[in-house]
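Engineer: let's see this in three dimensions:
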Amino acid sequence: MIVIPADIRATILERAREGDPDEICGVLGGEYEPDGKSRVRSQYPATNVAETPRTRYEIDPEEQLAIFERLENRGEETVGFYHSHPRGPPRPSATDAARATWPDRSYVIVSLDPLEIGSWRWRTGSEGQFDRERLVGD
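Structural biologist: Numbering: from 1, shown residues only. Predicted structure coming up:
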């Protein structure tokens, strides 16, 4: 389960609307538990530097390192990541699964059509997979 306060969910939704037709992305900070409940305390918007931002996202590597440093300085952990699917469902695509690299972290996906937020945890194993997780407010 992942707990995301209403104000952070609203901020991410607004970013997704403003970023349309491109995918937006960012990092979620807070308290991370590998097999339990993670609690989001902050969100850090990032620049999508993908070659095809309408259908893919990629966080700028230098910006990602700076975000990780900010998280560490604030005593937070990396809870997960978020991005939008402006024209798709709030579930991971095949590309999302192929590019997932953070075991047991949450990948929050915002769909604009229909407007919905879903969360998935990346599980490693022989092939790796996303498991849907419960998303609750604070």
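
Engineer: for the spatially most central residue of the chain, which non-adjacent residue is spatially closest?
Structural biologist: By C-alpha atoms, centre = their mean, the mean C-alpha position of the chain lies nearest to Y82, the distance being 1.7 Å. Of all residues not flanking Y82 in the chain, V108 sits nearest, at 4.0 Å (C-beta to C-beta, 6 or more residues apart in numbering). All C-beta spots, glycine's among them, are computed from the backbone N, C-alpha and C.

Engineer: ok, that neighbour - contacts?
Structural biologist: Counting by C-beta atoms under 8 Å, 6 or more residues apart in numbering, V108 touches 2, 4, 12, 28, 80-83, 117-120, 135.

Engineer: from those residues, which would you call buried?
Structural biologist: Neighbour counting with 16 or more other C-beta atoms under 10 Å marks 2, 4, 12, 28, 80-83, 117-120, 135 as buried within the contacts of V108.

Engineer: wait, is the residue nearest to the centre of the chain part of a strand?
Structural biologist: Yes: counting by DSSP: H, G, I helix; E, B strand; the rest coil, Y82 is located in a strand.

Engineer: and the least confident helix or strand in the chain by mean pLDDT, what does it pack against?
Structural biologist: Sorting the helices and strands of the chain by mean pLDDT, DSSP states H and E puts helix 94-99 at the bottom, at a mean of 89. Helix 94-99 is packed against strand 129-133, with contacts defined by 3 or more C-beta pairs under 8 Å, 6 or more residues apart in numbering; DSSP states H and E.
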